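**Student:** here you go, sequence then predicted model.
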Amino acid sequence: MKQVTLLGVSQIGASIGLGLRAEHARKYRVVGYDPDQDIHAQAEKIGAVDSAEWNLDTAVRDADVVIISLPVTRAYEILENIAPYVSENVTITDTCSTKRSILRWAEDILPQHASFVGGHPLVKADATGRDEPSPYLFTQAPYAIIPHPRSRPSAIRDVQEICTDLGARPLFMDPDEHDSFSAAVEGVPAFVAAAALNAAADSPSWHEISKFVGKDFVSMSQPMANDPAWVNGMASTNRDMLIYWLDQINLKIAGIKRVLENDEEVEDPDGPLADMLVNAWENRLRLDLGIQPPPPTSQQQPERMPSSGEATASMLMGGFIMRAFRGSKDKDDPTKYDRRKL
């Protein structure tokens, strides 16, 4: 029986414990530790661990696998504190949302007999916004695995095995690739949510504006319901990637502002504002349906040029009828927006 020690047992850590104990209780013994005594006690109460250790050295001493599930800002200190106590041939992994820094720290701090493999479960948010632990949190979710060049093959297998035992899908990645993607879909949404929320809350009219808050604003600002320490950790360990993606967001925002300042483009149902909104609607629908976009190397179908008959009809009958004509061609594709609604 393998001992898995969880360092951090809030939602992700406790869900790992619940998942391993629910389906593989004879395979794993789960030990839990958390610096927050309330979270520590709650994990034991809900059955996420077989035993809870209050001392960090005792928690890791006999572990075959150690999983760090704390904000990345705590990871350096945790690695320093556990380094003298980890067992021979131990596998150490994490669930943090940035990887380049923690891989460097692990190389600098851990003893030669320990092997570090980066990990990051890419779970989708609960539609209700709740963050309760669940043994099924990782079911069919991608689980990024980022080995260090010096990771033992057996350590990589340990992490992959835990991943599949949780029902997740292993996704092997390069640390630079991982950190760029993580910045795009985890870091940037948090900072955009913070900016939008603070912009409204800093208004002298916020007392009245807050009465208009509905599901859209609540959903958009949901990332800031998370512990700010997690977001701050992304900022301190992934600044270059965050700056790149925030620049891309700023370009899109600037484009929207330019269109809003032009009456004709705002009112044009085939104009850039309509294109932007339709593209976003279609991209979101594909995400909801689980439809993967084609890789950039695949052959893209060229945009269909109008026939001579369609071009003549457009001149004679105008854009509205031609939009209706084109809309009818896409009616069997559920991911295409019917532009006749514009």
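**Tutor:** Thanks, I have the structure now.
**Student:** in the stretch 51-200 of the chain, where is pLDDT below threshold?
**Tutor:** The stretch 51-200 of the chain contains residues with pLDDT under 70 at 125-130.
**Student:** surely Glu264 is in a helix?
**Tutor:** Yes: Glu264 forms part of a helix when assessed by DSSP: H, G, I helix; E, B strand; the rest coil.
**Student:** that one: how many residues sit nearby?
**Tutor:** Neighbourhood size, Glu264 [other Cβ atoms under 10 Å]: 8. (Each C-beta comes from the backbone N, C-alpha and C, glycine too.)
**Student:** for it, which non-adjacent residue is closest in space?
**Tutor:** Gly271 (7.5 Å; Cβ to Cβ, 6 or more residues apart in numbering).
**Student:** ditto for Asn238
**Tutor:** Once flanking residues are discounted, Asn238 sits nearest to Thr98: 4.4 Å by Cβ to Cβ, 6+ apart.
**Student:** quick one, phi/psi of the one you found?
**Tutor:** Backbone torsions for Thr98, taken as degrees, to the nearest 10, come to phi -130, psi 150.
**Student:** same check on Ile109?
**Tutor:** Here is the backbone geometry of Ile109 (degrees, to the nearest 10): phi -100, psi -40.
**Student:** need the contact list for the nearest residue to it once chain neighbours are set aside.
**Tutor:** Distances taken as Cβ to Cβ, 6+ apart place Leu79 nearest to Ile109, at 4.5 Å, with adjacent residues excluded. Residues near Leu79 by Cβ atoms under 8 Å, 6 or more residues apart in numbering: Ile68, Ile92, Ile102, Trp105, Ala106, Ile109, Leu110.
**Student:** look up how far Ile256 lies from Leu79.
**Tutor:** 43 Å (Cβ to Cβ, to the nearest Å).
**Student:** same thing with Phe217?
**Tutor:** Distance, Phe217 to Ile256, using Cβ to Cβ: 18 Å.
**Student:** equivalent analysis for Asp240, please.
**Tutor:** The gap separating Asp240 from Ile256 is 25 Å, by Cβ to Cβ.
**Student:** so between the two, which is more surrounded?
**Tutor:** More crowded of Asp240 and Ile256, by other Cβ under 10 Å: Ile256, with 14 against 11.
**Student:** buried residues in stretch 51-65?
**Tutor:** Buried positions in stretch 51-65, judged by neighbour count with 16 or more other Cβ atoms under 10 Å: Ala52, Glu53, Leu56, Ala59, Val60, Arg61, Ala63, Asp64, Val65.
**Student:** quick check: the farthest pair among the residues you listed?
**Tutor:** With distances taken as Cβ to Cβ, the most widely separated pair in the buried residues of stretch 51-65 is Ala52 and Asp64, at 18.1 Å.
**Student:** what about the strands in the stretch 51-200 of the chain?
**Tutor:** 51-52, 65-68, 91-94, 115-121, 142-147, 169-172 (DSSP state E, counting those that start in this stretch).
**Student:** most packed of these?
**Tutor:** strand 91-94 (a mean of 28; mean count of other Cβ atoms under 10 Å).
**Student:** format the strands of the stretch 51-200 of the chain as CSV; extra columns: distance to Tyr136.
**Tutor:** Formatted as CSV, those follow (distance: least, Cβ to Cβ, whole Å):
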stretch, distance to Tyr136
strand 51-52, 22
strand 65-68, 18
strand 91-94, 21
strand 115-121, 12
strand 142-147, 14
strand 169-172, 14
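**Student:** and those: which comes nearest Ser182?
**Tutor:** strand 115-121 (7.1 Å).
**Student:** that closest one pairs with which strands?
**Tutor:** strand 91-94 (parallel), strand 142-147 (antiparallel) (DSSP bridges).
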